[in-house]
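*Asks:* okay, here's the prediction I keep looking at, along with the sequence it came from:
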Amino acid sequence: MPSHSEILVNEKELFAQMATGNEAAFTQIFYYYTQRIYQYIFTKTKSKTVTEEIVQEVFIKLWKKREDLSHIENHQSYIFSMAANKTYDWLKKMALEEKIRLHTWQTIQDFSNITEETLNLNESKELIDEAVEHLSPQRKKIFLLSREHGLSRAEIAEELNLSINTVNNHLNEALRLVKEHLNNNKSGITVTLITILLKIHQ
C-alpha cells in the first residue's frame, strides 16, 4: 500500500477518468487514499472491523457518485469529508445505542423496587436463562455477549470474527426464541414486561 510520502501522479486526470467509469483509475485512487483515511477513521472508532467497513462505504459511495467528480476542485478534501461524515454517523449511532441501553437498565432497576409478587421478575429471568440454554452454541455465545457483557453488535462481530449481518441474524433469532419461550411458559407475564426484559438485547 502506498506510503504517506508518495504523490498520486496526475490526480486530476485520474479522477476525470474515474468519472467516466474507468475502473483502473478508481483502483489507483482507492489504494492511494485507503491508508490515509483508514488512519483517520481508526483514531475515532478504535475498531479495525468498523474502520474497514467505513472505508469500504466511503469508496462505494465515491464510485456511485463518480459522475459528480468533474465538479470537485479539491479531491482530497472531498474524500476526507466523506470519511468524516461516515465516521460521525457511526459515532452518533453508537452514542444513541448506549443511551438506550442505559435507559433500559434504569427502567429495569426501577421495576425491581416493585414487589416480586406483582412482576415475577425472578421467574421471568429464570425462564430467559432456561431459553438461552436451548440455543445453539454460537447463538448462545452471541446472546450472552450482548446480554451479560453489554457488547454492541459491531463489537460482537469483531470479537467473534463474524459479519455484522451474521450477528444480527443470530441475535434476532435468539430474541425471537426467548420471547416465544416466555410467552409459552408464563401466561401471566404481560407483553410490556417481556419487552422491558428483552429490550436491552435489541
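*Replies:* That came in fine, so what should we check first?

*Asks:* which residues does the closest residue to residue 44 other than its chain neighbours contact?
*Replies:* Spatial nearest neighbour of residue 44, excluding adjacent residues (Cβ to Cβ, 6 or more residues apart in numbering): residue 87 at 5.0 Å. In this view, the C-beta of every residue, glycine as well, is placed from N, C-alpha and C. Residues in contact with residue 87 (Cβ atoms under 8 Å, 6 or more residues apart in numbering) are 40, 41, 44, 45, 54.

*Asks:* hmm, which of those are the buried ones?
*Replies:* Among the contacts of residue 87, those buried by neighbour count (16 or more other Cβ atoms under 10 Å) are 41, 44, 45, 54.

*Asks:* what strand or helix carries residue 144?
*Replies:* helix 137-147 (DSSP states H and E).

*Asks:* name the helices or strands packed onto whichever helix or strand comes after that helix?
*Replies:* The helix or strand immediately downstream of helix 137-147 is helix 153-160, counting by DSSP H and E. On a contact count with 3 or more Cβ pairs under 8 Å, 6 or more residues apart in numbering; DSSP states H and E, helix 153-160 meets helix 48-64, helix 137-147, helix 164-185.

*Asks:* to residue 28, which of those lies closest?
*Replies:* Closest of those to residue 28 is helix 48-64, at 12.3 Å (criterion: Cβ to Cβ).

*Asks:* which residues does the closest one contact?
*Replies:* So helix 48-64 is contacted by 18, 26, 29-30, 34, 37-38, 41-42, 45, 79, 82-83, 86-87, 90, 154, 157-158, 164 (Cβ under 8 Å, 6+ apart).

*Asks:* per-residue confidence averaged over the lengthiest helix in the chain?
*Replies:* Longest helix of the chain, by residue count under DSSP state H: helix 75-111. Regarding helix 75-111, the rounded mean pLDDT is 80.

*Asks:* so it versus helix 153-160, what angle?
*Replies:* Interaxial angle, helix 75-111 versus helix 153-160 (axes from the mean of the first three to the mean of the last three Cα atoms, to 10 degrees): 100 degrees.

*Asks:* now do the buried residues in helix 75-111.
*Replies:* Neighbour counts over helix 75-111 (16+ other Cβ under 10 Å) mark 75, 78, 79, 80, 82, 83, 86, 87, 90, 94, 101, 104 as buried.

*Asks:* the second one touches residue 72, doesn't it?
*Replies:* Translated: residue 78. Yes. Counting by Cβ atoms under 8 Å, residue 78 does reach residue 72; the two are 4.9 Å apart.

*Asks:* buried ones in stretch 19-35, by neighbour count?
*Replies:* Buried, per 16+ other Cβ under 10 Å, within stretch 19-35: 19, 25, 26, 28, 29, 30, 32, 33, 34.

*Asks:* which stretch of helix or strand covers the last one?
*Replies:* The reference is to residue 34. Residue 34 belongs to helix 23-45 when elements are defined using DSSP H and E.

*Asks:* dump that helix to PDB, restricted to CA.
*Replies:* Output of helix 23-45 as PDB, limited to C-alpha atoms (Å, rounded to 0.1, in the frame of the first residue of the first chain):
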ATOM      1  CA  GLU A  23     -12.000   1.100 -13.100                       C
ATOM      2  CA  ALA A  24      -8.200   1.300 -13.400                       C
ATOM      3  CA  ALA A  25      -8.200   4.900 -12.400                       C
ATOM      4  CA  PHE A  26     -10.500   4.100  -9.500                       C
ATOM      5  CA  THR A  27      -8.100   1.400  -8.300                       C
ATOM      6  CA  GLN A  28      -5.200   3.800  -8.200                       C
ATOM      7  CA  ILE A  29      -7.300   6.300  -6.200                       C
ATOM      8  CA  PHE A  30      -8.500   3.600  -3.900                       C
ATOM      9  CA  TYR A  31      -5.000   2.300  -3.000                       C
ATOM     10  CA  TYR A  32      -3.700   5.900  -2.600                       C
ATOM     11  CA  TYR A  33      -6.400   7.100  -0.300                       C
ATOM     12  CA  THR A  34      -7.300   4.000   1.700                       C
ATOM     13  CA  GLN A  35      -4.400   4.100   4.100                       C
ATOM     14  CA  ARG A  36      -4.800   7.800   4.600                       C
ATOM     15  CA  ILE A  37      -8.500   7.700   5.600                       C
ATOM     16  CA  TYR A  38      -8.100   4.400   7.400                       C
ATOM     17  CA  GLN A  39      -5.700   6.000  10.000                       C
ATOM     18  CA  TYR A  40      -8.100   9.000  10.500                       C
ATOM     19  CA  ILE A  41     -11.200   6.800  10.900                       C
ATOM     20  CA  PHE A  42      -9.400   4.300  13.300                       C
ATOM     21  CA  THR A  43      -8.400   7.100  15.700                       C
ATOM     22  CA  LYS A  44     -12.100   7.800  16.100                       C
ATOM     23  CA  THR A  45     -13.600   4.300  16.200                       C
END
